[in-house]
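Engineer: Need a 3D model of the sequence below.
(one chain, ligands or ions: 1)
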Amino acid sequence: MSHHSDVLVVGTGQAAAQLAICLRQGGYTGSILLVGEEADLPYERPPLSKEYLVGDRTVEKLALRPAGFWEQRSISLRLGSRVTAVQPHAHQVCLDCGETLRYGLLVWAAGGQPRALSQVPEGLANVFAIRTRADVDRLRAALPAIEHLAIVGAGYIGLEAAPALLKLGKRVTVLESQERVLARVTCPAVSQFYAAEHRAHGVNLRTQVRLGEVLATDGRVSGIRFDDGQADLRCDALLAAIGIVPSVQLLQAAGAECSNGVEVDSFCHTSLVDVFAIGDCANHANRYAGGARVRIESVQNAVEQAKVVAGVILGAPSPYACVPWFWSNQYDIKLQTVGLSHGYEEVVLRGDPAARSFSAVYLRAGRVIAIDCINAARDFVQGKALVERGVSVAPELLADAERPLKLLAAGAG
Ligand SMILES: Cc1cc2nc3c(=O)[nH]c(=O)nc-3n(C[C@H](O)[C@H](O)[C@H](O)COP(=O)(O)OP(=O)(O)OC[C@H]3O[C@@H](n4cnc5c(N)ncnc54)[C@H](O)[C@@H]3O)c2cc1C
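Structural biologist: This next block holds a predicted model:
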């Protein structure tokens with residue numbers, strides 16, 4: 001007889017842990033099992049590219065809850081176990097050890113895998129990614145023998161890892177194929193600000209590069225050759241920070257609708273009966289993206305979607321509707337973003353980037369859709385209401401940094 005759980009969660013990350021916590025908080029008495037490939041108890045990922053990489057945070061301090069928490073709440077964890085197939089008609093999943101687990105409800109919270117660089121030959125030493133605690137431990141263990149590290153990708157993770165590696169005394173080059181850093185998520189002014197900061201701190205930042213070949217000596221990275229005739233770059237390690245591939249292949253093979261993640265409705269149901277999906281792997285229609293389908297990689301999204309599924313299971317369903325927010329720490333600069341800026345038509349700057357404290361307010365059809373706040377926590381707190389309500393505000397009022405955003409929110413009908 002295979003083991004049965006009322007709620008079986010695939011994944012032991014932020015979304016999975018939050019779901020189990022919410023279910024018990026809400027008085028759920030059924031059996032809950034979390035199955036995860038990683039060996040660790042549920043932990044948070046944001047410090048991996050920040051304090052944990054530097055060595056300023058211990059592994060114990062990454063944990064989402066103290067070790068005894070899960071047992072005390074009768075939340076079963078099966079760590080170091082990979083799900084290899086989903087059989088929705090039989091309401092069961094298969095594990096890599098050959099065992100099957102049956103479920104009443106299945107929640108897919110499998111996150112994603114770092115996207116691999118196609119130019120890297122298999123088996124090459126000193127190629128890293130940062131997704132798991134084990135990834136960072138592997139990188140840290142190799143650092144004493146590394147002098148110059150090339151980071152491929154100037155997104156959040158690449159740009160957070162750069163300051164950490166500089167602090168550890170490494171020479172750092174960041175290579176970006178787009179014409180500016182953070183191009184996918186922010187406006188040119190914010191990109192320019194971050195590029196200048198990284199260069200001022202000593203990062204060799206190169207944009208619009210075309211990676212050709214990764215060079216190797218004795219099975220280790222020794223450099224990078226470019227496709228556009230630029231001179232080879234000598235480096236002795238490579239950190240690939242070019243995003244993730246959502247881990248949904250098994251669900252897709254089981255028949256779930258997938259497109260850049262697994263498609264879910266506003267209650268996080270997939271197209272398979274009794275199967276939900278939450279967190280980084282879930283592709284959902286978001287009203288803050290004008291109703292477009294998006295996949296959001298953030299703690300806030302993982303937590304909120306977990307709450308949505310808990311609500312459904314607890315019999316008090318409430319659709320996913322909250323405003324997205326995100327943060328990133330680089331050097332002494334704290335970026336906080338509220339809303340989704342995709343598709344903006346106009347951007348208004350509040351404050352002066354030279355003062356290292358300013359905000360970028362994004363507008364579509366005259367309405368505020370997102371705000372990036374750079375060392376500007378007050379704008380983040382006060383601007384949330386503008387985004388939530390999609391308030392129309394005259395750009396010249398937004399540009400006046402002396403005028404608190406809360407007055408603009410209050411003044412709008
Ligand atoms: C380095 C880093 C820095 C970040 N910084 C920030 C930040 O500053 N702010 C912010 O808001 N967000 C940040 N994020 C994003 C945030 O951490 C993620 O959005 C969040 O962790 C997603 O949670 P999740 O539960 O969906 O996925 P995950 O946390 O990835 O958990 C998925 C789990 O499922 C497991 N799994 C996958 N497939 C299987 C399988 N077949 N069988 C068993 N187990 C499986 C995986 O091993 C993994 O443990 C950061 C992420 C990273 C990696």
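
Engineer: any idea how far residue 162 lies from residue 220?
Structural biologist: Note on residue 162: its distance to residue 220, by CB to CB, to the nearest Å, is 21 Å. All C-beta spots, glycine's among them, are computed from the backbone N, C-alpha and C.

Engineer: which SS state does residue 208 fall under?
Structural biologist: Classification of residue 208 by DSSP: H, G, I helix; E, B strand; the rest coil places it in coil.

Engineer: For the stretch 151-300 of the chain, which segments count as strands?
Structural biologist: For the stretch 151-300 of the chain, the strands defined by DSSP state E, counting those that start in this stretch occupy 171-175, 204-206, 211-217, 220-226, 233-234, 237-240, 244-246, 262-263, 275-277, 282-285, 293-295.

Engineer: Wait, a strand at residue 141?
Structural biologist: No: under three-state DSSP, residue 141 falls outside any strand and is assigned helix.

Engineer: Residue 388: which element?
Structural biologist: Counting by DSSP states H and E, the element that carries residue 388 is helix 377-389.

Engineer: I'd like to know which elements that helix is packed against.
Structural biologist: When contacts are defined as 3 or more CB pairs under 8 Å, 6 or more residues apart in numbering; DSSP states H and E, helix 377-389 sits against strand 333-339, strand 357-364, strand 367-374, helix 405-411.

Engineer: Please name whichever of these is nearest to the ligand.
Structural biologist: strand 333-339 (9.0 Å; CB to the nearest ligand atom).

Engineer: ok, that closest one: who's next to it in the sheet?
Structural biologist: The strands beside strand 333-339 in its sheet (DSSP bridges) come out as strand 325-330 (antiparallel), strand 367-374 (antiparallel).

Engineer: out of those strands, deepest packed?
Structural biologist: Sort the strands paired with strand 333-339 by mean neighbour count, taking mean count of other CB atoms under 10 Å, and strand 367-374 sits at the top with a mean of 26.

Engineer: about what we covered before: residue 162 and residue 220: which is more packed in?
Structural biologist: Each of residue 162 and residue 220 had its neighbours counted (other CB atoms under 10 Å), and the higher figure belongs to residue 162 (28 against 16).

Engineer: what's the helix or strand harbouring residue 7 packed up against?
Structural biologist: Per DSSP H and E, residue 7 falls inside strand 3-10. Packing contacts for strand 3-10, counted by 3+ CB pairs under 8 Å, 6+ apart, involve helix 14-25, strand 32-35, strand 100-108.

Engineer: and the residue nearest in space to the middle of the chain, backbone torsions?
Structural biologist: Compute the mean C-alpha point of the chain, and by CA atoms, centre = their mean the closest residue is residue 297, 3.5 Å away. Main-chain dihedrals, residue 297, degrees, to the nearest 10: phi -100, psi 90.

Engineer: these two touch, right, it and residue 280?
Structural biologist: Yes: assessed by CB atoms under 8 Å, residue 297 is found in contact with residue 280 at 4.8 Å.

Engineer: Mutual contacts of the two, please.
Structural biologist: Common neighbours of residue 297 and residue 280, counting by CB atoms under 8 Å, 6 or more residues apart in numbering, are 112, 244.

Engineer: Please spell out which residues along the lowest-mean-pLDDT helix or strand in the chain are buried.
Structural biologist: One helix or strand of the chain scores below all others by mean pLDDT, DSSP states H and E: helix 405-411, with a mean of 84. For helix 405-411, the neighbour count (16 or more other CB atoms under 10 Å) marks 405-406, 408-409 as buried.

Engineer: tell me what it is packed against?
Structural biologist: helix 377-389, helix 395-399.

Engineer: what separates it from the chain centre, distance-wise?
Structural biologist: Offset of helix 405-411 from its chain centre (CA atoms, centre = their mean, to the nearest Å): 31 Å.

Engineer: could the strands paired with strand 333-339 go into a markdown table alongside distance to the ligand and mean pLDDT?
Structural biologist: Output for the strands paired with strand 333-339, formatted as a markdown table (distance: least, CB to the nearest ligand atom, whole Å; pLDDT from 0 to 100):
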| stretch | distance to the ligand | mean pLDDT |
| --- | --- | --- |
| strand 325-330 | 5 | 97 |
| strand 367-374 | 14 | 98 |
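
Engineer: Would you reformat those as a markdown table and include distance to residue 53?
Structural biologist: Below are those laid out as a markdown table (distance: least, CB to CB, whole Å):
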| stretch | distance to residue 53 |
| --- | --- |
| strand 325-330 | 12 |
| strand 367-374 | 22 |
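
Engineer: where are the low-confidence patches of the stretch 1-150 of the chain?
Structural biologist: Residue ranges of the stretch 1-150 of the chain with pLDDT under 70: 1.

Engineer: Can you tell me which residues in it are near the ligand?
Structural biologist: 10-16, 35-38, 45-46, 48-49, 82-83, 109-111, 130-131 (CB under 6 Å from any ligand atom).

Engineer: Would you mind listing which of those residues are buried?
Structural biologist: 10-16, 35-38, 45-46, 48-49, 83, 109-111, 130-131.

Engineer: what's the distance between the nearest residue to residue 299 once chain neighbours are set aside and residue 42?
Structural biologist: Of all residues not flanking residue 299 in the chain, residue 14 sits nearest, at 5.7 Å (CB to CB, 6 or more residues apart in numbering). Using CB to CB, residue 14 is found at 8 Å from residue 42.

Engineer: any residues in contact with both of these two?
Structural biologist: residue 64.

Engineer: Contacts only, for the residue of the stretch 101-250 of the chain found nearest the ligand.
Structural biologist: Closest to the ligand within the stretch 101-250 of the chain is residue 111: 2.3 Å, counting by CB to the nearest ligand atom. In this structure, residue 111 makes contact with 11, 13, 15, 244, 246-247, 279-281, judged by CB under 8 Å, 6+ apart.

Engineer: if we go to 10 Å?
Structural biologist: If you count contacts by CB atoms under 10 Å, 6 or more residues apart in numbering, residue 111 has them with 10-16, 36-37, 45, 131-132, 244, 246-248, 278-281, 297, 302.

Engineer: and what of residue 409?
Structural biologist: 368, 382-389, 391, 393.

Engineer: Any chance of a markdown table for the strands of the stretch 151-300 of the chain, columns distance to residue 332 and mean pLDDT?
Structural biologist: What follows is these, written out as a markdown table (distance: least, CB to CB, whole Å; pLDDT from 0 to 100):
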| stretch | distance to residue 332 | mean pLDDT |
| --- | --- | --- |
| strand 171-175 | 17 | 98 |
| strand 204-206 | 18 | 98 |
| strand 211-217 | 31 | 95 |
| strand 220-226 | 30 | 97 |
| strand 233-234 | 28 | 97 |
| strand 237-240 | 22 | 98 |
| strand 244-246 | 27 | 98 |
| strand 262-263 | 38 | 98 |
| strand 275-277 | 37 | 99 |
| strand 282-285 | 34 | 98 |
| strand 293-295 | 31 | 97 |
